[in-house]
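Chemist: model this:
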Amino acid sequence: MRINVNALKPITLLLLISLLSCNHEAPLPKVAPIDVLITKQTSVYYTEGKRPVSFAFPTPDSVFFQNTTLYRERIAQVTYEYDDQKRIVNYQGTDHTYSGDFAGTYTYTAQTVTLYSNRVPMTPYGLNAQGYIDAGNTYDQNGHLIAAKSSESIIVNDNIIQTTITSPPAQTMYEYDLTKPNLPDPFENLYGKPSYNLPTQETKLSTYSDGKTDKAVTSYSYEYDERGLPKRRTTYFEVGSPTEWTTKRTWKYIVITDFDFSQ
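Modeler: Just a heads-up that it's a prediction; the model follows:
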C-alpha cells in the first residue's frame, strides 16, 4: 500500500534574516499558542533503499514523493508523562529497528534535575533562575536557548531563524508559517522554549575539515485534527554536496510522525 504525500504543502511565510537589519515593519499579530502537551508520538521512517523489515505494523510499506518511491525502514514510538507544573517526568519508547526499548525519568529539586536513564542515575544538572538546565547555556529573557557550548542562535519575534555551530562548522536557517503556533516540546522545561511558530523548512550548510561542504534541506508539512492541532507532521529530508544538487541525485528520506495530545 502507498500513500501520496505530494499534496502536503502548507502556505509558508518566510521569516528572513533581513529582519535584523533595516526592515522595521510591524510583525504579524501572534496566534494563540497550543495549550496542550504531547503525550505520545509515533514516527515512521522511509528511505530510498528497500530493506527487509522483521516486524508488522499498520503503516504503508512505501510512500511516493517527488517522483520517488521511499520504503519503510524504521518505526519508533515514545510516550511522555508530566507533573502538575507541566515538566517532563517520564518518557518510554520502543524503536522497532535499532535501539529497542528505552526509558528515562526526571526528578527535580529547587536547584537541580536528575535524569535516570533506564533506571541508572546520571549526573544532576543545575537549574538557572528561569528553571532551565544551566551547563554553561545562555537563554534570552523569553526562555529561548541562544548559546550553548559550541552553538549560537539568533531569535527574531520568538522564532529561531539561524543557528551556527562551531565544530564541525555548520549554519542552519529556519522558515516558519507565521499563521500557526508551534508544537509543544516535551523537554522545553529543561532546554528552553522552542520557536513560537510552526517550522516549515530548515536549510543546513556544513563544512568539513577537508574543505568539502554539503547542504541538507528539511521540509515540514502538517495535517490537523478537529481542534486545529497538527496531528501529523511529514518531514522530508534531502542532502547532497553543492555539485550533487545540480548534477546528481541527492539522498532522500521521509519521516511521518503522528501526535497524541493531552485533553
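Chemist: What residues are recorded as beta-bridge partners of the closest residue to V239 other than its chain neighbours?
Modeler: Here the nearest residue to V239 in space, its sequence neighbours aside, is A216; by Cβ to Cβ, 6 or more residues apart in numbering that works out to 4.0 Å. The way it works is simple: take the backbone N, C-alpha and C, and place the C-beta from them, glycine included. Per DSSP bridges, the residues bridged to A216 are K204, V239.
Chemist: One more: R72?
Modeler: Beta bridges link R72 to Y46, judged by DSSP bridges.
Chemist: For the stretch 151-263 of the chain, which segments count as strands?
Modeler: Taking DSSP state E, counting those that start in this stretch as the test, the strands found in the stretch 151-263 of the chain are 151-156, 159-166, 169-181, 197-207, 213-224, 230-240, 251-261.
Chemist: Can I get those in TSV including distance to Q130 and mean neighbour count?
Modeler: Formatted as TSV, the strands of the stretch 151-263 of the chain follow (distance: least, Cβ to Cβ, whole Å; neighbours: other Cβ atoms under 10 Å):
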stretch	distance to Q130	mean neighbour count
strand 151-156	15	17
strand 159-166	17	18
strand 169-181	21	19
strand 197-207	21	18
strand 213-224	28	17
strand 230-240	27	18
strand 251-261	25	18
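Chemist: what's the neighbour count on Q263?
Modeler: Q263 is flanked by 5 other residues according to other Cβ atoms under 10 Å.
Chemist: Equivalent analysis for G211, please.
Modeler: Using other Cβ under 10 Å, the number of residues around G211 comes to 6.
Chemist: what separates it from T203, distance-wise?
Modeler: Separation of G211 from T203 (Cβ to Cβ, to the nearest Å): 20 Å.
Chemist: Nearest to E81, out of the strands of the stretch 151-263 of the chain?
Modeler: Across those, E81 has its closest neighbour in strand 251-261 (12.5 Å, Cβ to Cβ).
Chemist: Quick check: neighbours of that closest one in the sheet, parallel or antiparallel?
Modeler: Strand pairing for strand 251-261, using DSSP bridges, gives strand 38-47 (antiparallel), strand 230-240 (antiparallel).
Chemist: Could you verify my assumption that the residue nearest to V239 touches T235?
Modeler: No: if you go by Cβ atoms under 8 Å, A216 and T235 don't touch, sitting 11.9 Å apart.
Chemist: re the thing from before, contact partners for the residue nearest to V239?
Modeler: Neighbour list for A216: E202, T203, K204, S206, F237, E238, V239 [criterion: Cβ atoms under 8 Å, 6 or more residues apart in numbering].
Chemist: For those, point out the one with the lowest pLDDT.
Modeler: pLDDT across the contacts of A216 is lowest for V239, at 76.
Chemist: what sits against that one?
Modeler: By Cβ under 8 Å, 6+ apart, the contact list for V239 reads D214, K215, A216, V217, T250, W251.
Chemist: Mind doing that once more with 10 Å?
Modeler: Residues near V239 by Cβ atoms under 10 Å, 6 or more residues apart in numbering: K204, S206, D214, K215, A216, V217, T218, W245, T250, W251, K252, Y253.
Chemist: cool, and V36?
Modeler: So V36 contacts L183, P184, R227, L229, F259, D260, F261, S262, Q263 (Cβ under 10 Å, 6+ apart).
Chemist: Kindly report the same for Q141.
Modeler: Applying Cβ under 10 Å, 6+ apart, we find Q141 in contact with Q130.
Chemist: Distance of it relative to A135?
Modeler: When distance is defined by Cβ to Cβ, Q141 is 19 Å away from A135.
Chemist: now swap in D83 and tell me
Modeler: 22 Å.
Chemist: Distance from the chain centre to stretch 176-189, please.
Modeler: How far stretch 176-189 lies from its chain's middle: 10 Å, per Cα atoms, centre = their mean, to the nearest Å.
Chemist: What of stretch 39-47?
Modeler: Centre-to-centre, stretch 39-47 and its host chain are 12 Å apart (Cα atoms, centre = their mean).
Chemist: Tell me the one of the contacts of V36 nearest T69?
Modeler: Within these, proximity to T69 (Cβ to Cβ) peaks at F259, which comes in at 25.9 Å.
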